[in-house]
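Colleague: Structure, please.
(2 chains)
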There are 2 protein chains.
Amino acid sequence: MSNERTEIGSLGEFGLIEHLTRNIELQQASSVVGVGDDAAVIDHFGKQTVVTTDLLLEGVHFDLMYTPLKHLGYKAVIVNLSDIYAMNATPTQLVVSIGISNRFSVEAVSELYEGIYAACSKYGVDLVGGDTSSSQKGLVLSVTAIGEVAPDTFVKRSTAQKGDLLCVSGDLGAAYVGLLFLEREKKIYLESPQVQPDLEGEQYVIGRLLKPEARKDIVAFLAEAGITPTAMMDISDGLSSEIMHLCKQSQLGCVLYEEKIPVAEATRLAAYKFEIDPTACALSGGEDYELLFTLSQADYDKLVLNEQISVIGYMTDADQGARIITKGGSTHPLTAQGWNHLQQ
Amino acid sequence: MSNERTEIGSLGEFGLIEHLTRNIELQQASSVVGVGDDAAVIDHFGKQTVVTTDLLLEGVHFDLMYTPLKHLGYKAVIVNLSDIYAMNATPTQLVVSIGISNRFSVEAVSELYEGIYAACSKYGVDLVGGDTSSSQKGLVLSVTAIGEVAPDTFVKRSTAQKGDLLCVSGDLGAAYVGLLFLEREKKIYLESPQVQPDLEGEQYVIGRLLKPEARKDIVAFLAEAGITPTAMMDISDGLSSEIMHLCKQSQLGCVLYEEKIPVAEATRLAAYKFEIDPTACALSGGEDYELLFTLSQADYDKLVLNEQISVIGYMTDADQGARIITKGGSTHPLTAQGWNHLQQ
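Modeller: Numbering: from 1, shown residues only, chains lettered A, B, ... in the order given. Have a look, this model is predicted:
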């Protein structure tokens, strides 16, 4: 990107929308009317429509000191697609609203949209509408994603069964450790702006924070393997609190084995640099955007060879509560804040 | 409402969501899964889905000094429903995201939702999801509405035909004059807090600003009368700029008659108190949420008895541009800022 700066006022709201949406090519046959009218029109004949929304506020959900705008746009889409996949559905359309102060140039907003379009392109989703507004201060980003699912094949959080296996995709805790590095470097920069950031070797955890992906592949694998999860949700707030939601909504308890929680080697090493327990990062950190799901024990053989899926425990009666068995063999109740070695 | 104040922190995010959504009763048969999962699920078998979104930011779109939270919630829904009706569709579901600072209590947020639920109930729409977040400062409200329409009966902005009649529903300019009153009283209050607000007799214009309605009745009337508009959009930014959008997207020009523009007597009298031209309020004021539509001259007889619909002009070739003929008989080009008597 060049260093040009075009004021948003020079385009006006409608000029800005035209500028940002001029290259949209609709990919989904179901996108009948896209950007440019009062509303978009979508055909989902014979399918069910799935809808989710997320609000991202500067200073609360992201810090532009270390979040490139392109990554922010990408991530804002991903967090919504992740919710659609968590319903066992396929995302198809998006609407995006932004509120921007005059501190942002047209070039800056274009970068944000480059990230949005990159995610749309990768996941085959169409941007079909939105709203553009000025804000007094700070960037506001609201994304609503729409998807489709064959009738009654969606998967809720509330339908896990006693005895089901508790599974997660990928690995956990990395985004949280990535955040610790970026917060540390921000602090150093604010104190001594001449010091170069030292993020050498931490690409994995930082990448997991700044450019997460949604687990389209896991949903596709489950479908191909003929597995229908009994319950599913995505992990945005840390494994512990998500498991507690799943237990509460399914009116069950569970047993979780610490040693089964997937944590990448890079995450483990990075966590040690901050002298924190990698398990605590997985349980209490957030923004992993992996899938948490339950399935019948009879389906175990179908997924055992998939290295992207870990069985981490099983569902029990509600009166047993949600418990974790540590590597040392002791049992603790899970808490919404996560269970933390350091607090023991 | 009592004067109790419950801090949002005492409920937590999930407690707040439960508190705000505990009385939801889904009204639409198409609402399969509502609040409480990763996403909502909607059945629109055999219909097309219509989706629109609006972002409302404190200090930009509303001023809480004179906007009761209940009215704000109501209006945030209405502005989205208006977009759905403007597609000739029926709204069915909503998702609502809010960003709130700790300056708001649980009671305050509940009032906001009372307004949201009041609009949902009146228009038969289900709230099926959303996102709740803290904000550093100011209230952020993002609403996405979903609707349905029989296949290919939606009406776009781009399909008006030369010779079509240009029509509007209701009357225009009132919300803008209402805003002038409220801004005036705010200024007086800030200078002299002991002075009681003087809004006597201005209920109509203030009501139009604070509690607008979406023109469900007009869409129903058109359907019953067997009229399919050739193009339609809602009027959120002032008649002049909306007509210019319609002309541009339909690649046509138009002639608009000033004397045909519907302005309520209460609006006219109120505008005179500010020494401004009522026509200018209709052309350049915003937030009327009336419908602007075009239809074939052959349909004229079917709507002539409906006092809620005014024929205000007709569509011409694009090279004629968008023009207004004043009460005095002179012709001016319409401008995006509206055409203003006072500037002549």
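
Colleague: give me the low-pLDDT residue ranges for the stretch 201-344 of chain A?
Modeller: A:337-344 (pLDDT under 70).

Colleague: Can you name the residues of it sitting close to chain B?
Modeller: A:Met232, A:Met233, A:Asp234, A:His245, A:Gln249 (CB under 8 Å from any CB of the partner chain). Just so you know, the C-beta spots here come from the backbone N, C-alpha and C atoms, and that holds for glycine as well.

Colleague: Tell me what A:Asn50 is bridged to.
Modeller: Rather than Asn, residue A:50 is Val. Note on A:Val50: beta-bridge partners A:Gly147, B:Val41, judged by DSSP bridges.

Colleague: Count residues in the vicinity of it, would you?
Modeller: 31 (other CB atoms under 10 Å in any protein chain shown).

Colleague: Got the confidence number for it?
Modeller: Reported pLDDT at A:Val50 in the predicted model: 94.

Colleague: Pipe the residues of the stretch 201-344 of chain A next to chain B into TSV and attach secondary structure and neighbour count per row.
Modeller: Output for those, formatted as TSV (DSSP: H, G, I helix; E, B strand; the rest coil; neighbours: other CB atoms under 10 Å in any protein chain shown):
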residue	secondary structure	neighbour count
A:Met232	strand	28
A:Met233	strand	25
A:Asp234	strand	26
A:His245	helix	20
A:Gln249	helix	17
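
Colleague: Closest to B:Glu224 out of the residues you listed?
Modeller: A:Gln249 (43.8 Å; CB to CB).

Colleague: Leaving out the residues flanking it, which one is nearest to that closest one?
Modeller: Closest residue to A:Gln249 apart from its sequence neighbours, by CB to CB, 6 or more residues apart in numbering or on different chains: A:Ser158 at 4.0 Å.

Colleague: didn't the one you found look like it was pressed against A:Ser250?
Modeller: Yes. Taking contacts as CB atoms under 8 Å, A:Ser158 lies within contact range of A:Ser250: 5.3 Å.

Colleague: Those two: which is more packed in?
Modeller: A:Ser250 (22 against 17).

Colleague: secondary structure class for the nearest residue to that one once chain neighbours are set aside?
Modeller: Once flanking residues are discounted, A:Ser250 sits nearest to A:Ala160: 3.9 Å by CB to CB, 6+ apart. Assigned with DSSP: H, G, I helix; E, B strand; the rest coil, A:Ala160 falls in the coil class.

Colleague: for A:Ala160, phi and psi?
Modeller: A:Ala160 adopts backbone torsions of phi -70, psi 150, taken as degrees, to the nearest 10.

Colleague: Just give the number of residues close to it.
Modeller: Neighbours around A:Ala160, by other CB under 10 Å: 27.

Colleague: dump the residue contacts of it.
Modeller: A:Thr230, A:Ala231, A:Leu246, A:Cys247, A:Ser250, A:Leu252, A:Thr294, A:Met315 (CB atoms under 8 Å, 6 or more residues apart in numbering or on different chains).

Colleague: and if you look at A:Phe154?
Modeller: Per CB under 8 Å, 6+ apart, neighbours of A:Phe154: A:Gln48, A:Val50, A:Met87, A:Asn88, A:Ala89, B:Val32, B:Val33, B:Val41.

Colleague: Kindly recompute the last result at 10 Å.
Modeller: Listed by CB atoms under 10 Å, 6 or more residues apart in numbering or on different chains, the contact set of A:Phe154 reads A:48, A:50, A:84, A:86-89, A:147-148, A:232, B:32-33, B:37-41.

Colleague: just A:Tyr204 next, same as before
Modeller: Taking CB under 10 Å, 6+ apart, one finds A:Asp171, A:Ala174, A:Val177, A:Gly178, A:Ala264, A:Glu265, A:Ala266, A:Thr267, A:Leu269, A:Ala270 in contact with A:Tyr204.

Colleague: my read: the fifth one touches A:Arg208, true?
Modeller: Yes. Counting by CB atoms under 10 Å, A:Arg208 is a contact partner of A:Ala264 at 8.5 Å.

Colleague: Please look at A:Ala150 and A:Phe45 and confirm they touch.
Modeller: No. Counting by CB under 10 Å, A:Ala150 does not reach A:Phe45; the two are 11.9 Å apart.

Colleague: count of residues packed around A:Ser121?
Modeller: A:Ser121, neighbours per other CB under 10 Å, totals 11.

Colleague: Then A:Leu180?
Modeller: Neighbours around A:Leu180, by other CB under 10 Å: 19.

Colleague: before we move on, which element is the closest residue to A:Phe221 other than its chain neighbours in?
Modeller: Leaving aside its chain neighbours, A:Phe221 sits nearest to A:Asn306 (6.1 Å; criterion: CB to CB, 6+ apart). Using DSSP states H and E, A:Asn306 maps to neither a helix nor a strand.

Colleague: And A:Asn306, how far from A:Glu224?
Modeller: 10 Å (CB to CB, to the nearest Å).

Colleague: Neighbour count: the two, which is higher?
Modeller: More crowded of A:Asn306 and A:Glu224, by other CB under 10 Å: A:Asn306, with 16 against 9.

Colleague: is it true that the more buried one touches A:Val168?
Modeller: No. Under the criterion of CB under 10 Å, A:Asn306 is not in contact with A:Val168, lying 11.9 Å apart.

Colleague: what's the overlap in contacts for those two?
Modeller: By CB under 10 Å, 6+ apart, the residues touching both A:Asn306 and A:Val168 are A:Ile218.

Colleague: Quick one: residues contacting the closest residue to A:Ile116 other than its chain neighbours.
Modeller: Excluding its sequence neighbours, the residue lying closest to A:Ile116 (CB to CB, 6+ apart) is A:Gly73, at 4.1 Å. Contacts for A:Gly73 (CB under 10 Å, 6+ apart) come out as A:96, A:98, A:109-120, A:141, A:143.

Colleague: Show me what A:Ser105 is bridged to.
Modeller: A:Glu7.

Colleague: what's the burial count for the residue nearest to A:Thr49 when sequence neighbours are not counted?
Modeller: Closest residue in space to A:Thr49, ignoring its immediate chain neighbours: B:Ile42 at 4.1 Å, by CB to CB, 6+ apart. Using other CB under 10 Å, B:Ile42 has 25 neighbouring residues.

Colleague: how close does B:Ile42 sit to B:Arg208?
Modeller: 32 Å.
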